[in-house]
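Student: could you work out the structure for the sequence below:
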Amino acid sequence: MPEERLIKKYSNRSLYDTVASTPVTLEQIRQMVLDEIPFKVVDQSSGMDITHTILMQIILEQESDGRPLFTVDMLNNFIRNYGTDTQQQFTNFIGQSMNIFAEQQSLFAEQINKTFKGTPMEAWAEFGNNQMKAWQKIQKTMFGSKKKGRKKHP
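Tutor: Take a look at the predicted model:
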């Protein structure tokens, strides 16, 4: 398992990766999540762990950039469960549901890989995956710069 990255947030809102000795963006922290790199974000002045707050900011950006993951009904249910006797049960239920979903996705991918292993379809699947990665890289290059210039509203 990689070393846990310590990210410090300064009063000017900048984020700094103390392990890599470089400034980082929310998008780079999002990529750490995707790459399963452990990290912790602390407020530089207070030393308080603000990882949860930073992750919520990333989710908020993702929700406002395109197709939201959460429906209005889902968000209403989240809000209704804050501060109630059911909050912990709701949290446990959501956590368990997400774990089951991830396990089933993994099992499905594993089964698909086993099905095509050693067949001509394996080569086509690998070709398709490589083409998709190349297309995503092109999109990131072409559209990534436009996204940076967009104004964010508080």
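Student: output the lowest mean pLDDT helix or strand found in this protein.
Tutor: helix 120-148 (a mean of 69; mean pLDDT, DSSP states H and E).
Student: which element is Val42 on?
Tutor: Using DSSP states H and E, the element containing Val42 is strand 39-43.
Student: hmm, I typed the wrong one, I wanted Leu6.
Tutor: Judged by DSSP H and E, Leu6 forms part of strand 5-9.
Student: show me what that strand is packed against.
Tutor: With contacts taken as 3 or more C-beta pairs under 8 Å, 6 or more residues apart in numbering; DSSP states H and E, strand 5-9 sits against strand 15-17, strand 39-43. All C-beta atoms are positioned from the backbone trio N, CA, C, and that covers glycine.
Student: partner strands of the first one, with direction?
Tutor: Think strand 15-17. strand 5-9 (antiparallel), strand 22-24 (antiparallel) (DSSP bridges).
Student: for Glu61, see how far away the closest residue to Gln62 other than its chain neighbours is.
Tutor: Counting by C-beta to C-beta, 6 or more residues apart in numbering, Gln62 lies nearest to Leu69, which is 7.0 Å off, once chain neighbours are set aside. Using C-beta to C-beta, to the nearest Å, Leu69 is found at 12 Å from Glu61.
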